[in-house]
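A.B. asks: Have a look; sequence and predicted model below, questions after that.
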Protein chains: 4
Amino acid sequence: MPDNTLSNPLGTGVIPPLVTPWTDDQRLDEAGLERLIESLINGGVHGLFVLGTTGEGPALPMTARRQIVSRCVAVADGRVPVLVGATDSCVESVFDLADHSAAAGAAAVVVAPPPYSPLDIPELNHYLDHLSERLPLPMFLYNIPSRTGPVPMASVRHALSLPDCIGFKDSSGSMIYLHEALQLRDELRPEFRVLVGPEELLAESVLFGADGGVAGGANLFPELFVEIYEAAKRKDIDTAIRLHRTIIRFSTTLYRSGQHPSSFIKAVKRGLTVRGICHGNMVNPYEAFNTRDTQRVDQLIREADTWVNQALQS
Amino acid sequence: MPDNTLSNPLGTGVIPPLVTPWTDDQRLDEAGLERLIESLINGGVHGLFVLGTTGEGPALPMTARRQIVSRCVAVADGRVPVLVGATDSCVESVFDLADHSAAAGAAAVVVAPPPYSPLDIPELNHYLDHLSERLPLPMFLYNIPSRTGPVPMASVRHALSLPDCIGFKDSSGSMIYLHEALQLRDELRPEFRVLVGPEELLAESVLFGADGGVAGGANLFPELFVEIYEAAKRKDIDTAIRLHRTIIRFSTTLYRSGQHPSSFIKAVKRGLTVRGICHGNMVNPYEAFNTRDTQRVDQLIREADTWVNQALQS
Amino acid sequence: MPDNTLSNPLGTGVIPPLVTPWTDDQRLDEAGLERLIESLINGGVHGLFVLGTTGEGPALPMTARRQIVSRCVAVADGRVPVLVGATDSCVESVFDLADHSAAAGAAAVVVAPPPYSPLDIPELNHYLDHLSERLPLPMFLYNIPSRTGPVPMASVRHALSLPDCIGFKDSSGSMIYLHEALQLRDELRPEFRVLVGPEELLAESVLFGADGGVAGGANLFPELFVEIYEAAKRKDIDTAIRLHRTIIRFSTTLYRSGQHPSSFIKAVKRGLTVRGICHGNMVNPYEAFNTRDTQRVDQLIREADTWVNQALQS
Amino acid sequence: MPDNTLSNPLGTGVIPPLVTPWTDDQRLDEAGLERLIESLINGGVHGLFVLGTTGEGPALPMTARRQIVSRCVAVADGRVPVLVGATDSCVESVFDLADHSAAAGAAAVVVAPPPYSPLDIPELNHYLDHLSERLPLPMFLYNIPSRTGPVPMASVRHALSLPDCIGFKDSSGSMIYLHEALQLRDELRPEFRVLVGPEELLAESVLFGADGGVAGGANLFPELFVEIYEAAKRKDIDTAIRLHRTIIRFSTTLYRSGQHPSSFIKAVKRGLTVRGICHGNMVNPYEAFNTRDTQRVDQLIREADTWVNQALQS
């Protein structure tokens, strides 16, 4: 059994953003969620992140969000920490979900700027102050410019000054931006955790100082991502690059199976369905793949399995 | 007393996007909301639009949203129709709010694509189908690219084919886009309502065929906007342009009093506070103006009053 | 014969951006250029603008640019003023072309910020100072954000302070921006000329105070655009809107015949070829339409002729 | 003396984009150019790239461009290959400059899509065909989205099929994009050279398979960049990261000394002036730093020297 907890403190390692197993009639597939969590923990991941972008968090009804947090914490049962995506356009909902997460036993919340309401730098910094004071759990600041506008570096710096803000998750896709954040971290607060979003950047981010990654593909291939992380951590550059190439192959094939921009989530959910792990319907208003896209993604998943097996065995 | 209802059917005329009167302790200022509604109806507006972008709708707790709808319909009391902004990242919340609005007696809902979850064209069209079937009220499609990504013209065309979708509100700021939507409307369904968002474009939009506008400045100066609309409607181009110039003066001074991008809402709320109409605090996480900005905006509001009086009397 | 010059001073009216007649072997079609100029002057236009974006100016060798200026001024022969697009990534080339234009007898140059080299506001204002001092002809500042980045309003304001800068051409497509520029013009220097680029915005721009437009479609249909301009100028709103609708029909059909983003220029050049006015090859590196696109555009041009005739006769 | 040529074939290693030494009266500082070249070759660089974005290539008069190519080839005298930036909005100018470069003895040209004239994918691929057939020298395709729009991956794939196109320079700043290009290269044509633009990405790009980098900061600190490249090449990750951190310090301080977006070039030119290597005036229309910015950058250059010395000696 993997010793996930021992070696990796909160905010380090591979922390997959769990997809939300979802039924035809738009309800949580609880049994599927449990199988997914077991699959991930068995795969060696170091934490679980629910209700993120990959988890379609902001699209879920609040009752389903609470249910997912409770189930996830219960199933994880202390084996790995659970992080909760609490981003919402309504600040009250952020607090509600954070309170529920604290009561359920989650380890931290992850919060991006409010969708729909762009903030300038002083407003965003004030929001971080407010979160920091009010939240019952440690917090990660979350940068996902495509969804909520960019987090300026001045606000990353501000987050570094807030003791209750313990880390930063960057899904900008820009390594230049990430390098600057890492530099600030090194100067100001070395124990602050920096996690990278896009899995295509996991290997180099960890090599250059990030603490881990929130890799969506780890829903399907947890061992692969754990291997990459471990290789990068121990600076085994040859292994890291060899495995990294497998990710780039997913990224340029499997994740583009269907129509933009949700095809990544759809492909991962379809892959989990094919494996019998969970129901992979999309949360409203996303549609599932059409038949032709489904056939294509099924074929690509079979190929991906082959690539991963080859990569892990070589 | 203005005959707002008689002359202007649903989805025509000036339909201000009401700001949300809000207290220091982050609660609805009910008395302020009532005064605001009376001020607008006395000013001659043809409808009321609550919970839009100007109303900070997606930032409000669901209980406050419901309360605002109920109060607004009750106070309007059939004098003008009430439209409800029901955009939310969670489709269930859109339905909840629409159901509440129907029960309360609102006339229609206004829905943009879901924030946070970008949809491609087939997905957006499918979402419109779903809304159209499920919503208990007529619907306006809402295009606000800066917040939820652009609504492609193919989806405007799709909306024109859905009987329960009775109109389109365009806040893109692009007259080329709006002209194309108006052309489609003229060809396919002349009774479909097209409303323009930015008040700087109200005069020309109505001259060229739009049915009205959702002008934020009408919170402060309802008569001015009603006059512009009426002048454009009767093709009194000299009056329309003269009054339009006053709006451009607001737009380049008053609405830029503070820090971007919420300074427009803040300036309008401050103006209503100065006039004693309502509490003008911002909904979390926005901050109010700082002292220097407040002094500046107070001065600009006094000047704006002078401009408006001069424009209306000449 | 139209009295183009008498009634319309420099920088007013319809000033088509001439396409560059171009042969199969990538040379200027001089006879075609002459026929195009005669067609436009006969159509009643109030000026000629060569080497703009529609004229593929920055893609032309400098010798061809000089040749076009000389021929155009000679053929126009004082009947209408000639404006020359002198935008270039190299300032020396801007000066060379302006010197040649002055010697040839052109009336003014039109200059955008340098492509490839984004300038901040102080740099752009300094560039305008430099142009203003050095250029031998009056100058129009040119805003075409899609090609050279946006001209900030602070630089429009600066241009208004420079006596040798006599006007501003705005191809931003934003009427909000244009209204602000018109307001500045009215306040600071009423004789400063403001021209609008996109033909879809010609009618409303002139109604609201612009001095004219640089309408690409006027290459094909000069009378139509002159009629729109004249109608808007005399505030004949019904005529202006009726004709404007024809433009929107072009914009949504003919101009989208082929592949983005050069399909507008290609469609206009193809139309002129079909009419026997000039060779319509594209300047390198653009390709001409493929056969299927050509057949489609030919059909659309025939339809457009019908629309224009109907619109002008009703 | 460094054995630059022996160990590094064309399109590998550190190939600085030379700034253009330029006098107060807007002329080439030939002696400065010679000193700069000697400084770079002594610093161990593996090639020289003139007339790129950092070299203000498209802003230079054609005579100055030719002069720079000739001088650079003459001074380099076979010690390292010279690459020439030939991007221009006019294709004829691209050919002229390439012909001159071939005659002068340059090794290759580097060409981006034409500024000012956005091409769609078939047009861009056709342009690459045309370049490939017509150019007298091997060519690198150049991706610099901020200046000429993005090169789609389909065009990188096309470039890989053209024997006379021997490499690709990517200044997109996106490692995800670069990883995809590297994957295509590995699959289709392993000897095709891939160079990275932003120096902040040099270390990881080379680690993950890029052949080298066009690092602007190498104008000032050639040894540092050569060391990073060599360390990354031999997979000495600790050294690569240690030196990489120095670059991030430049990037977040020195390169932001003045006003955006030319402050990087200005800072490098100022640094070379301070060292007595060359005149560091900007080519028109850029302005030099103001006095306050100059003082600040002078201080930062002194600090940068210290960082570099510490990094190279540790």
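C.D. replies: It's in.
A.B. asks: What segments of the stretch 201-314 of chain A are strands?
C.D. replies: A:212-213 (DSSP state E, counting those that start in this stretch).
A.B. asks: Now do the helices in it.
C.D. replies: Remark: helices assigned in the stretch 201-314 of chain A by DSSP state H, counting those that start in this stretch are A:202-207, A:222-233, A:237-252, A:263-274, A:291-313.
A.B. asks: Please identify the deepest-packed of those helices.
C.D. replies: Mean neighbour count, computed with mean count of other Cβ atoms under 10 Å in any protein chain shown, is highest for helix A:202-207 among those, reaching a mean of 27. All C-beta spots, glycine's among them, are computed from the backbone N, C-alpha and C.
A.B. asks: what are the C-alpha coordinates of that one, in CSV please?
C.D. replies: Provided in CSV are the C-alpha atoms of helix A:202-207 (Å, rounded to 0.1, in the frame of the first residue of the first chain):
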residue,chain,number,x,y,z
LEU,A,202,4.2,19.1,-14.4
ALA,A,203,7.7,17.6,-15.0
GLU,A,204,9.5,20.9,-15.6
SER,A,205,7.5,22.8,-12.8
VAL,A,206,8.6,20.2,-10.2
LEU,A,207,12.2,20.2,-11.5
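A.B. asks: Now it: average pLDDT?
C.D. replies: Taken as a whole, helix A:202-207 has a mean pLDDT of 98.
A.B. asks: which helices and strands does it pack with?
C.D. replies: Using 3 or more Cβ pairs under 8 Å, 6 or more residues apart in numbering or on different chains; DSSP states H and E, the elements in contact with helix A:202-207 are helix A:175-188, strand A:193-196, strand A:212-213, helix A:222-233, helix A:237-252, helix D:202-207.
A.B. asks: Figure out which of these is closest to residue C:205.
C.D. replies: helix A:175-188 (40.1 Å; Cβ to Cβ).
A.B. asks: contacts for that closest one?
C.D. replies: A:153, A:156-157, A:160-161, A:168, A:170, A:172, A:192, A:194, A:196, A:201, A:204-205, A:208-210, D:173, D:175, D:198, D:200-201, D:204, D:244-245, D:248-249, D:251-252 (Cβ atoms under 8 Å, 6 or more residues apart in numbering or on different chains).
A.B. asks: which bits of the stretch 151-300 of chain A sit near chain D?
C.D. replies: Proximity of the stretch 151-300 of chain A to chain D (Cβ under 8 Å from any Cβ of the partner chain) is limited to residues A:173-176, A:179-180, A:182-183, A:186, A:198, A:200-201, A:203-204, A:207-209, A:235, A:237-238, A:241, A:244-245, A:248-249, A:251-252.
A.B. asks: Could you rerun that using 6 Å?
C.D. replies: A:173, A:175-176, A:179-180, A:183, A:200-201, A:204, A:208, A:235, A:237, A:248, A:252 (Cβ under 6 Å from any Cβ of the partner chain).
A.B. asks: How about the contacts made by residue A:263?
C.D. replies: A:256, A:257 (Cβ atoms under 6 Å, 6 or more residues apart in numbering or on different chains).
A.B. asks: same question but for residue A:96, I mixed them up
C.D. replies: Per Cβ under 6 Å, 6+ apart, neighbours of residue A:96: none.
A.B. asks: cutoff 8 Å now
C.D. replies: Residue A:96 neighbours (Cβ under 8 Å, 6+ apart): residue A:62.
A.B. asks: could you give the angle of the strand or helix carrying it to helix B:91-104?
C.D. replies: Residue A:96 belongs to helix A:91-104 when elements are defined using DSSP states H and E. Using axes from the mean of the first three to the mean of the last three Cα atoms, to 10 degrees, one finds that helix A:91-104 and helix B:91-104 are set 120 degrees apart in direction.
A.B. asks: Name the residues of helix A:91-104 that come out as buried.
C.D. replies: A:91-102, A:104 (16 or more other Cβ atoms under 10 Å in any protein chain shown).
A.B. asks: now stretch A:119-135
C.D. replies: A:119, A:120, A:123, A:124, A:125, A:126, A:127, A:128, A:130, A:131, A:132, A:135.
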